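I'll drop the sequence and a predicted model, then ask my questions.
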Amino acid sequence: MNSLKKKFVKGNEAVAMAAIEAGLRCYFGYPITPQSDIPEYLSRELPKTGGTFIQAESEIASINMVLGASATGVRTMTSSSGPGISLKQEGISYMAGSELPCVIVDIMRSGPGLGGIDASQADYHQATKGGGHGGYRIIVLAPNSVQEMYDLTMLAFDLSDLYRIPAMVLADSVLGQMKESITPNPYIAIPLPSKGWAVRGTGGGKQNIVKSLYLGDGEMEAFHWKMHARYKELAEKESRWEEYETSDADLVIAAFGVTSRIARTAVEMARAEGIKVGLFRPITLFPFPEKGIASLSSRCKRWLTVELSTGQMVDDVRLSVARDAEVSFYGRPPGMGSLPTPEELFNQIKKQIL
Amino acid sequence: MTQLFSRPSSLKDVQTHFCPGCHHGSIHSLVARAMDSFGIAGETIGCASVGCSVFLYNYFHIDVVESPHGRAPAVATGVKRARPDRIVFSYQGDGDLAAIGTSEIIHAANRGEMITVIFVNNTTYGMTGGQMAPTTMPGQKTTTSPNGRNVVNDGKPFRMAELLSNLDGVAYSARIAVNSPKNIIQAKKAIKTAFQYQVEKKGFAFIEALAACPTNWGMNPLVANERVGNEMIPYFPLGVFKNNDNL
Ligand SMILES: Cc1ncc(C[n+]2csc(CCOP(=O)(O)OP(=O)(O)O)c2C)c(N)n1
Ligand code: SF4
Ligand SMILES: [Mg+2]
């Protein structure tokens, strides 16, 4: 099979390739580093497949174009970073409120404000707690390799369509910019509910309305409880994580994305010296793999969360571990030169253990 | 007995939520008649905006998607690009289109999106209780311009139909009013033309409809209707500012 030939590509390109493979019809974006390879790739390749590429006038416009395209039932996507993701929040909230699927790729850069283009994980809260108004959640997937940038982008389309919740691929500038060899797996369609709700013209029949305005007595409350139940179902069925060397670990490091790669090397260094350390890597950040953490922490009581921030995911780790487990934190706020080295994390491990 | 007048078939037989004397209803009716005349209601998707007209779906028997405040032209762009074979229109107030949504309307127009935009200028933010809009007349008192719009402080009202007609992407731009039988006849023709541009795939069409908001103007329906002719039309002249194909 030709498409299974390995390819040496950037993380951002892998996202774009996977989106096309998964049936992306409409992409709307706006330039911002470190994600611009995505619109650049799609401006070139998407029209070849009959899809639509538009460089919008702003991130606000691009997310609302996504809203419109999604309302008609097609697979649609946008991507951005930092300030651009902030601008999209109103639109994401409307899409969550209208139960519209879509994929949003967030290649995190440092902030607040204009910040910088260095790798960051400081938008974890914004992504996982519902970054806009009204109280909602979106699906958040956190790849840690270029292969996963590819695979999780496809998964994001499927989960979003399956649950009618916007899905975000949350990566950072290192994952977006680095090149790795990947297998561009073909998209295998899963059974998905038909989009009978989409606006395509009534054809003289039933009227479809895509909306988030609920003024009737009890309507809005009922919507929230319905979504609450859907988020629970999502947590039951779709929580994903990876464990490495955890079976006999005295200490578990919790880390996602680029940080989990550095942590893995640190775990290997520790193991080489006979220190029993493991790694717990959440792959879905929403739903957060609470059960995985709960069950592992019933045995292993010492945890160290590592993030490129002053501590965000650590809150969720603390809420998930068994009561008598201890969670400490090591963070490097994002910015030029703040990416920790494996040696640095190894030292943190030794501090915890010895 | 011959029936001279009937409800357009793309409008539902329901009670209106609009205030007495509000022009949104008349404009809805003309939009529905335009859809009827082309028989396109079943293939039309409306993009509702945030304002008194958000309930588009309660009146039109068509598919509707609600847009965030000001973003209907971007939403309509997404709908039309995803389904180029459908008829797509946005229906927006003056706060929606000419304040918060200026960027979206100008860029959709400039790209020449194959959509129709119905812009209802009632010189105020109707839904939120009559605050100053970008189209509020000089000296007009509103809840946020209690001493009247001061053009030194706030600038002068936008003339959107003229402004957009200057963009190459715009195929048709006209301003109408529904304050008199004569103006309604012209309005009906203009709205039909605006949809014809899309039906014939000839480009972006824009209708600015002058409208009364008796409630927030603090006038009874008759006086409000007169104000459209006496105050608004002199500043916002009716007419066709662009008609690329002379439809
Ligand atoms: C982002 C945002 N800001 C403000 C509002 C509040 N709001 C609702 S309707 C409206 C103005 C509507 O005025 P207009 O567009 O002129 O429509 P009209 O009601 O006059 O027809 C505003 C400011 C909102 N819904 N969203
Ligand atoms: S407030 Fe004004 S615009 Fe809104 S329904 Fe009443 S009259 Fe019409
Ligand atoms: Mg208004």
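Okay, I see it. Ligands and ions are numbered 1, 2, ... in the order given.

what's around residue B:4, how many residues?
Neighbour count of residue B:4, defined by other CB atoms under 10 Å in any protein chain shown: 5. Yep, even glycine has a C-beta here, placed from its N, CA and C like the rest.

pLDDT wise, what is it at?
Residue-level confidence at residue B:4 comes out at 81, pLDDT.

phi, psi for it please.
Per-residue torsions, residue B:4: phi -90, psi -30 (degrees, to the nearest 10).

could you check how far it is from ligand 3?
Using CB to the ion, to the nearest Å, residue B:4 is found at 32 Å from ligand 3.

do residue B:243 as well
Residue B:243 is 26 Å from ligand 3, by CB to the ion.

what of residue B:78?
Residue B:78 is 24 Å from ligand 3, by CB to the ion.

cool, residue A:153 as well?
According to CB to the ion, residue A:153 and ligand 3 sit 42 Å apart.

got it, and residue A:262?
Separation of residue A:262 from ligand 3 (CB to the ion): 55 Å.

and that residue, that one's in a helix?
Yes. Counting by DSSP: H, G, I helix; E, B strand; the rest coil, residue A:262 is found in a helix.

so for it, what's the nearest residue that isn't a sequence neighbour?
Distances taken as CB to CB, 6 or more residues apart in numbering or on different chains place residue A:342 nearest to residue A:262, at 5.5 Å, with adjacent residues excluded.

can I assume that neighbour is in contact with residue A:266?
Yes. Between residue A:342 and residue A:266 there is a contact under CB atoms under 8 Å: 4.7 Å.

comparing those two, which residue is more hemmed in?
residue A:266 (27 against 17).

any idea which element the more buried one lies in?
helix A:257-272 (DSSP states H and E).

could you check how far residue A:216 is from residue A:222?
With distances taken as CB to CB, to the nearest Å, residue A:216 is found 9 Å from residue A:222.

picking up where we left off before, which other helices and strands contact the helix holding residue A:266?
Applying 3 or more CB pairs under 8 Å, 6 or more residues apart in numbering or on different chains; DSSP states H and E, we find helix A:257-272 packed against strand A:167-172, helix A:173-177, strand A:251-254, strand A:277-282, strand A:302-307, helix A:342-353.

quick one: residue A:104 is in a strand?
Yes. Assessed with three-state DSSP, residue A:104 lies in a strand.

spit out the contact partners of the residue in the stretch 51-200 of chain A that chain B sits nearest to.
Nearest residue of the stretch 51-200 of chain A to chain B: residue A:68, at 2.5 Å (CB to the nearest CB). Residue A:68 makes contact with B:47, B:65, B:67, B:74-82 under the criterion CB atoms under 8 Å, 6 or more residues apart in numbering or on different chains.

so how many other residues sit close to residue A:295?
12.

please, which helix or strand holds it?
Using DSSP H and E, residue A:295 falls within helix A:290-297.

buried stuff in that helix?
A:290, A:292-293, A:296-297 (16 or more other CB atoms under 10 Å in any protein chain shown).

adding distance to chain B, write those residues out as a markdown table.
Below are the buried residues of helix A:290-297 laid out as a markdown table (distance: CB to the nearest CB, whole Å):
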| residue | distance to chain B |
| --- | --- |
| A:290 | 33 |
| A:292 | 37 |
| A:293 | 36 |
| A:296 | 42 |
| A:297 | 42 |
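
ok, so of these, who is nearest residue B:158?
Nearest to residue B:158 out of these is residue A:290 (CB to CB; 52.2 Å).

quick one, what contacts the residue positioned nearest the centre of chain B?
In chain B, the centroid-proximal residue (CA atoms, centre = their mean) is residue B:119; its distance is 2.4 Å. Residue B:119 makes contact with B:92-94, B:97-98, B:105, B:160-161, B:206-209, according to CB under 8 Å, 6+ apart.

between the contacts of residue A:68, which is nearest residue B:217?
Taking the contacts of residue A:68 together and measuring to residue B:217 by CB to CB, the closest member is residue B:67, at 26.1 Å.

ok, and what's touching the helix of greatest length in chain A?
Using DSSP state H, we find that the single longest helix of chain A is helix A:219-238. With CB under 8 Å, 6+ apart as the test, helix A:219-238 has contacts from A:96-97, A:135-137, A:139, A:159, A:163-165, A:214, A:284, A:287-288, A:290-291.

neighbour-wise, give me the winner out of those residues.
Using other CB under 10 Å as the neighbour test, the contacts of helix A:219-238 are led by residue A:139, with 26 neighbours.

bridging residues for the residue nearest to it when sequence neighbours are not counted?
Spatial nearest neighbour of residue A:139, chain neighbours left out: residue A:167 (4.0 Å); criterion: CB to CB, 6+ apart. Applying DSSP bridges to residue A:167 gives these bridge partners: residue A:103, residue A:139.

what are the phi and psi angles of the residue nearest to the centre of chain B?
Dihedral angles of residue B:119 (phi, psi; degrees, to the nearest 10) stand at phi -110, psi 120.

quick check: it vs residue A:63, distance?
Taken as CB to CB, the span from residue B:119 to residue A:63 is 23 Å.

go on, residue A:18?
From residue A:18 to residue A:63 the distance is 20 Å (CB to CB).

same check on residue A:180?
29 Å.

who has more neighbours out of those two?
Legend: neighbour count by other CB under 10 Å for residue A:180 and residue A:63, higher for residue A:63 (34 against 18).
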